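> below are the sequence and a predicted model; questions follow.
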Amino acid sequence: MARELKELKELDLASLVEELRVTKQEALNLRFRHATGQLDSSSELGKVRRQIARINTLIRQREIAAAEAK
C-alpha cells in the first residue's frame, strides 16, 4: 500500500510518477467507498492525501534540481 518516505526518495522519476498514479487511484476508491458508506476508517482518506502531497513534493524537488543543473 503506502510506501515510506525513505522508499519514495530512492525511486527514480518515472517510478514516482507511477506511484502517484496508483495513489491517486487509491484515493478515488476511498472517496467512493466513503460516499457509499462502506469505508470503516475515514482517516485513511487523510493518509492517502498526505502521501499524494509527499510524492508531488519529491517530483517537484527533482524538477527543480534538474533545472538548476542545466
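Ah, there it is. Residues are numbered from 1 along each chain as shown.

> got the buried residues for the helix or strand bottoming out on mean pLDDT in the chain?
Least confident helix or strand, the chain: helix 5-9 with a mean of 90, by mean pLDDT, DSSP states H and E. Neighbour counts over helix 5-9 (16 or more other CB atoms under 10 Å) mark residue 8 as buried. Heads up, the C-betas are built off the backbone N, CA and C, glycines and all.

> now do stretch 13-28
Residues of stretch 13-28 classed as buried: 16, 19, 20, 23, 26, 27 (neighbour count, 16+ other CB under 10 Å).

> chain neighbours aside, what residue packs nearest to the residue most central in space within the chain?
Residue closest to the average C-alpha location in the chain (CA atoms, centre = their mean): residue 52, at 2.8 Å. Among residues not flanking residue 52 along the chain, residue 23 sits closest, at 5.3 Å (CB to CB, 6 or more residues apart in numbering).

> doesn't residue 48 make contact with that neighbour?
Yes - judged on CB atoms under 8 Å, residue 23 makes contact with residue 48 at a distance of 6.3 Å.

> give the residues shared as contacts by these two.
residue 2 (CB atoms under 8 Å, 6 or more residues apart in numbering).

> need the phi and psi values for the residue lying closest to residue 5 once chain neighbours are set aside.
Take residue 5 and drop its neighbours on the chain: the residue closest to it by CB to CB, 6+ apart is residue 54, 6.2 Å away. Backbone geometry at residue 54, expressed as degrees, to the nearest 10, gives phi -60, psi -50.

> show me what the helix or strand in which residue 53 is found is packed against.
Element membership for residue 53, per DSSP states H and E: helix 43-69. Packing partners of helix 43-69 (3 or more CB pairs under 8 Å, 6 or more residues apart in numbering; DSSP states H and E): helix 5-9, helix 13-35.

> what about the shortest one, distance to the chain center?
Right, the one you point to is helix 5-9. Here helix 5-9 is found 11 Å from its chain centre; the criterion is CA atoms, centre = their mean, to the nearest Å.
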